[in-house]
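The following block contains a protein sequence and its predicted model.
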Amino acid sequence: MNPLLQVKLRFMGEKNNQKPSARNLRAKAEVSQEKIDELIDNLRAVLRFYKDNSRITEKLMVDIRYNDIIAKSSRVKEILKPQRLSTNDTVVGARFSDAAEGEENHIITHYVDEKTVNKTIEELLTVRDFIQKRLGGTATALNFKEPNSSIDYSGFEIGKAKLRDLVIDCSVVESFDVPRVTSIPERDNFLITFYKSELSLSLILEKLRIDNKQLPYTPYGDDTISATKELFEIINQKIPYMISMVSTDLSSIVLEDLSPKQTRDEYDIPSPQNEPVIGVIDTFFDDTVYFSKWVENYDYLDDIEKYQHDLDQREHGTEVTSLIVDGPRMNPWLDDGCGRFRVRHFGVCSNRISTVRLVKKIRDIVNDNPDIHVWNLSLGTDDEVSRNFVSFDAAALDEIQAKKNVIFVVSGTNDNRTEKTDMLRVGSPADSLNSIVVNSVRRDGKPASYSRKGNILSFYNKPDVSYYGGDYDERITAYTPYGRDEKYGTSYAAPWISRKVCYLIDVMGMPKEIAKALIIDAAANWDYKAMKPLSKMVIGYGVVPINIRKIVETESDEIRFVVYGTSEAYRTANYAIPVPKDSDNKYPYVARATLCYFPECSRRQGVDYTDRELSLKFGRIKDDKGTIMDINDNVQDDAESWMDERQSRKEFRKWDNIKFISRVVKNNKPVKAYDDRLWGLSVVSKERLSTQTRTPLNFGVVITLKEVNGINRIDDFIKACTLRGWIVNRIDIKNQLDIYASSQEEIRFE
């Protein structure tokens, strides 16, 4: 076996020198005068709606329904453009059209004044006149292909550039409409999120004359309230255009399989020393169990809550924590080589808790415990997550992880129905993008019978990975307040991954970006690309190996190394990775790479959730310009190529915070080396919002090179890196354990 290597590369930051190409209609797109008439009628209908329904805001919420999944650069530029602002400045939300209507397309919601809408109608009338008089009734891409001097733009109130942009805008717009919520869950309590406007949350409710005593609600943040069904119906009747999202108030937390109790067993367990600590947020913990000295237990309740919760309900939390502390003892076949862990356990509920209260508790707990890096959250809900927005609690987890040095391991939730006619999407908070979401598999690696599926927001790959969580007829042993018991569920798969992540971060000393990338990479291995789409939606990138050595060591014919960096420029790159060649001056490898990062996200942006995109390239350097022959053929950032948004998301996971790329060479033949050039790694950063903050964003990359002839070339790689000035560390488990033990020793001053 070869050890995992850490290569400390020096990256260079590069500016984006590419000039945007001239806008034009897509190759087969057409804009007819009849299409312009339809769009004008749509906008007039929007104005009539707001005239007939007295609005409470200064401006109007208007949906632009696109005919595709649209990139930010391809959104409308002149339609609904206010003076001295760009159209992107007025965006307040994004969602997808109903899949039942056909292929999913973007719907972008804008907040614009009435004057801007009327101005757009006038400009579209001019565009209609232009198409009729100058283009024979239909505009095509050939009309605007430069150089083209045959079109006469004179005689219109709008100049040439703006006329072109308006026609191109019309080519990507399907229609205009007033925003309305169509998917309403069948529940008695709701979380209602409003579109951003000049009105505060309190002013919105004041204008509706909502009395909190008669119709109780609980505000959270500056845009969301928890409300009864009666109050929701009033709001939906009076101001439907202001409702951005509606979901159930997650007051019902499902605790899997609370089965009959068994006879209590006792085990001997040594006293804890300086083992790493994992945080657990769950139901209450029973501190009379045999391993209680390994657990700092807190019933995280206020005085009022103590009367609202069943304090005897301690099974689920105790079971989850038992697996983290001493799981391998009860399940020898799952001995991961990680040892025991201490736990700081926070019991936040018995079996019910509101989302608002849960999120507040999680924020406070994480803030008060900065020494804990890994948090296990094995709570979930029955309701499926929305197709158009991330759940409230998942968004909170994403925000915490983007800002703090912590990572959440979240259970993928179970399908608890007695009759299953179809497969449910996961429940919240398993739609958290920055968390590691874990589904459950049987001992043979097949999905458990209670499995639920992703994807999230149409294409984000959730769950991330799967692990052994038992099944109805094949259970995991956990410890309850009454002794050992046989359990099943994603709640019991997640703790095993928490153990591994904590080991990588706190014992092996790896950043959370590298730790997550290693977990993903180990699960995906060389098999991920061959997996069927449904399998990816159920087990994620794959099943994580049991033993930690399978993650931090590799086969003798493989070179696996990790790279850690920070994106601060448009492109962060290194063009001098010295991959060893064979005697024929070729590269005898297949390769794969996994990139992970923790971006800030905007729940208000709906399906356009992640604020930052990091695009990965890894491969041979082809020429003196530093062109990387990417192992995944990623051309989306190349100046000479064009790729639409739908294709970029599908093929290159654009906007996803995990990138897994691989290249398996047919017949295992070595690949060409371009003269004496080396290999390169490039990370390109793009921001979705108009702010363009360009704040530093850490990333981790795991790269694996497999020698096609079975030769061990790791020493050649280490030597070549050292000669180029790169620092290479062998990640050895024994050495890291010694380092960890030394770092935990208590120093006494005489």
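Thanks, I have it. Just so it is clear, the model here is predicted, and its values are computed rather than measured.

And the strands in the stretch 351-500 of the chain?
With DSSP state E, counting those that start in this stretch as the criterion, the stretch 351-500 of the chain has strands at 374-377, 407-411, 436-441, 465-468, 476-480, 483-487.

With respect to burial, which of those strands scores highest?
strand 436-441 (a mean of 30; mean count of other CB atoms under 10 Å). Every C-beta, even on glycine, is put in place using the N, C-alpha and C of the backbone.

Make JSON lines out of the strands of the stretch 351-500 of the chain and add mean pLDDT and distance to residue 670.
Listed next are those as JSON lines, based on pLDDT from 0 to 100; distance: least, CB to CB, whole Å:
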{"stretch": "strand 374-377", "mean pLDDT": "98", "distance to residue 670": "41"}
{"stretch": "strand 407-411", "mean pLDDT": "97", "distance to residue 670": "38"}
{"stretch": "strand 436-441", "mean pLDDT": "97", "distance to residue 670": "36"}
{"stretch": "strand 465-468", "mean pLDDT": "97", "distance to residue 670": "32"}
{"stretch": "strand 476-480", "mean pLDDT": "94", "distance to residue 670": "45"}
{"stretch": "strand 483-487", "mean pLDDT": "92", "distance to residue 670": "50"}
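
Could you check how far the residue nearest the centre of the chain is from residue 720?
Of all residues in the chain, the one closest to the mean position by CA atoms, centre = their mean is residue 433, 2.5 Å from it. Distance of residue 433 to residue 720, computed by CB to CB, to the nearest Å: 37 Å.

swap in residue 371?
Distance, residue 371 to residue 720, by CB to CB: 39 Å.

do the same with residue 515
For residue 515, the distance to residue 720 equals 27 Å [CB to CB].

Show me which of those two is the more surrounded one.
Remark: of residue 515 and residue 720, residue 515 carries more neighbours, 27 against 19, as counted by other CB atoms under 10 Å.

Which parts of the protein belong to which domain?
30-177, 189-248, 277-551, 555-738 (automatic domain parsing).

Could I get those in TSV, plus columns for distance to residue 6?
Shown next, in TSV, are the domains of the chain (distance: least, CB to CB, whole Å):
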stretch	distance to residue 6
domain 30-177	36
domain 189-248	40
domain 277-551	8
domain 555-738	4
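
Pick the most deeply packed of those domains.
Among the domains of the chain, domain 277-551 has the highest mean neighbour count (mean count of other CB under 10 Å), at a mean of 21.

picking that back up, quick one: closest of the domains of the chain to residue 9.
Checking the domains of the chain against residue 9 by CB to CB gives domain 555-738 as the closest, at 4.6 Å.

Who are the packing partners of the one helix or strand residue 722 maps to?
Element membership of residue 722 [criterion: DSSP states H and E] is helix 714-723. Helices and strands touching helix 714-723, as assessed by 3 or more CB pairs under 8 Å, 6 or more residues apart in numbering; DSSP states H and E, comprise strand 2-8, strand 558-567, strand 727-731.

Now the first one: buried residues?
It refers to strand 2-8. Across strand 2-8, burial judged by 16 or more other CB atoms under 10 Å covers 2-7.

want to throw the residues you listed into a markdown table with distance to residue 121 and pLDDT?
Formatted as a markdown table, the buried residues of strand 2-8 follow (distance: CB to CB, whole Å; pLDDT from 0 to 100):
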| residue | distance to residue 121 | pLDDT |
| --- | --- | --- |
| 2 | 67 | 94 |
| 3 | 67 | 94 |
| 4 | 62 | 95 |
| 5 | 63 | 96 |
| 6 | 61 | 95 |
| 7 | 59 | 95 |
